[in-house]
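A.B. asks: sequence isn't available, so here's the structure alone:
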């Protein structure tokens with residue numbers, strides 16, 4: 001599943017291309033592109049509601065991103081394992097995994113592709129700036145509202161394993177297996193160590209290291225292992241070249 005650096009890379013690319021642009025028309029090619037997957041009636045409502053709206057911003061929390069619409073609502077996107085947005089000319093050939101085509105008034109298409117269909121788009125109201133379906137998701141470490149002291153307090157009070165807690169999106173969002181493994185490697189902490197064994201300073205270091213790792217990944221466009229994750233212009237990220245821990249089972253250890 002795509003993690004914060006990949007989603008942020010996509011968000012930044014989208015904002016560059018589609019803000020401020022008006023939606024001319026929408027075609028739900030495959031209803032599996034809607035989340036939750038709906039029928040033809042849901043597709044028709046999505047198409048008519050989004051048509052004519054203007055994208056005013058593209059925001060993110062953790063692994064979710066959303067387009068702010070000019071009526072104060074949002075188009076929420078979860079990319080799952082293989083969701084992609086591609087900006088293309090309207091006459092470009094349609095990829096076989098295209099689920100939704102959003103035709104823009106500037107002559108381009110915004111296309112949502114998803115090979116494994118675990119992601120999807122939905123229209124949602126905003127609650128204090130956050131789409132209703134994801135208000136239960138905790139702030140991620142790059143948000144101004146992220147309260148490191150509160151997260152440290154909650155983290156140190158847990159008896160569960162550290163990696164399991166880092167993956168808990170209701171504690172801190174955006175971190176998945178890749179960046180949890182890289183973070184734990186850098187702080188030299190075993191993934192099964194109980195959180196309650198962490199001192200306050202160790203917990204702060206853990207969260208700061210997670211920020212550092214993800215910031216480095218963002219600077220390289222995220223982590224791409226195959227064509228299932230690319231930016232809106234089709235480019236891959238390069239952070240996979242410098243991974244120290246994730247996916248390196250049975251390989252020689254990198255320098256300490």
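C.D. replies: Alright, I've got the coordinates. All values reported here derive from a predicted model rather than from experimental measurement.
A.B. asks: okay, CA-based contacts and neighbour counts for the rest of this
C.D. replies: Will do.
A.B. asks: list the contacts for residue 178?
C.D. replies: Residue 178 makes contact with residue 246, according to C-alpha atoms under 8 Å, 6 or more residues apart in numbering.
A.B. asks: tell me the spacing between it and residue 184.
C.D. replies: Distance, residue 178 to residue 184, using C-alpha to C-alpha, to the nearest Å: 10 Å.
A.B. asks: could I get the full set of strands for the stretch 101-250 of the chain?
C.D. replies: Using DSSP state E, counting those that start in this stretch, the strands of the stretch 101-250 of the chain run over 108-114, 120-124, 126-127, 130-131.
A.B. asks: dump these into JSON lines; add mean pLDDT, distance to residue 37 and mean neighbour count as well.
C.D. replies: Listed next are those as JSON lines, based on pLDDT from 0 to 100; distance: least, C-alpha to C-alpha, whole Å; neighbours: other C-alpha atoms under 10 Å:
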{"stretch": "strand 108-114", "mean pLDDT": "96", "distance to residue 37": "13", "mean neighbour count": "23"}
{"stretch": "strand 120-124", "mean pLDDT": "96", "distance to residue 37": "8", "mean neighbour count": "21"}
{"stretch": "strand 126-127", "mean pLDDT": "97", "distance to residue 37": "21", "mean neighbour count": "14"}
{"stretch": "strand 130-131", "mean pLDDT": "97", "distance to residue 37": "18", "mean neighbour count": "23"}
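A.B. asks: in JSON lines, list those strands along with distance to residue 46.
C.D. replies: Below are these laid out as JSON lines (distance: least, C-alpha to C-alpha, whole Å):
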{"stretch": "strand 108-114", "distance to residue 46": "14"}
{"stretch": "strand 120-124", "distance to residue 46": "7"}
{"stretch": "strand 126-127", "distance to residue 46": "17"}
{"stretch": "strand 130-131", "distance to residue 46": "16"}
